[in-house]
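A.B. asks: What follows is a predicted protein model with its sequence.
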Amino acid sequence: MPSPRPRPFRWNADVTHYAILCVDRGLAWFAERRLADGACRETTIRDIISGEVACVEKVIAFNCAEHTADDVTADIAAAIARRLDPIESVRPELLDFVEAHAGLACTRGLRRMEPAFAAE
């Protein structure tokens, strides 16, 4: 019986992946994302800005082939701060994330979105 052909690799093992750690009410979990999304820094930033991933506490970059793992939360928060438009209002959760990890100086000039109350 012939041996089965080896399947080609679908992904490159030497890729940096971004895991997003979320925390809410004492519970912690890693955001569930597709492999392609987890391997893209831009998609990670876009997911956090858009609110697709909520309650973000940390962002960990790791590369299995190189045996490295780094906390890149401050870098991601600074990149988010540079992309935010000072004219537009920013969600309080996102503004708190940037302030906590990139510093107060990065949030100067940004407007916090005020809660809207319905008149009855």
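C.D. replies: Structure's in. What do you need? Residues are numbered from 1 along each chain as shown.
A.B. asks: quick one: what helix or strand has the residue nearest the centre of the chain in it?
C.D. replies: Residue closest to the average C-alpha location in the chain (CA atoms, centre = their mean): residue 44, at 4.2 Å. Here residue 44 sits within helix 41-50, counting by DSSP states H and E.
A.B. asks: pull the CA atoms of that helix into CSV?
C.D. replies: Extracted C-alpha coordinates of helix 41-50, given in CSV (Å, rounded to 0.1, in the frame of the first residue of the first chain):
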residue,chain,number,x,y,z
ARG,A,41,-1.4,43.5,13.3
GLU,A,42,-3.6,45.8,11.2
THR,A,43,-6.7,43.6,11.7
THR,A,44,-6.0,43.4,15.4
ILE,A,45,-6.0,47.2,15.6
ARG,A,46,-9.1,47.5,13.4
ASP,A,47,-11.0,45.0,15.5
ILE,A,48,-10.3,46.9,18.7
ILE,A,49,-11.2,50.3,17.2
SER,A,50,-14.4,49.0,15.7
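A.B. asks: What pLDDT does the model give the residue nearest to the centre of the chain?
C.D. replies: The predicted local confidence for residue 44 comes out at a pLDDT of 96.
A.B. asks: Which strand residues bridge the residue nearest to it when sequence neighbours are not counted?
C.D. replies: On the basis of CB to CB, 6 or more residues apart in numbering, the spatially nearest residue to residue 44 that is not a chain neighbour turns out to be residue 18, at 4.2 Å. Just so you know, the C-beta spots here come from the backbone N, C-alpha and C atoms, and that holds for glycine as well. Beta-bridge partners for residue 18, by DSSP bridges, are residue 61.
A.B. asks: Hmm, residue 58 and residue 18 touching each other?
C.D. replies: No - under the contact definition of CB atoms under 8 Å, residue 18 does not touch residue 58, with a separation of 10.6 Å.
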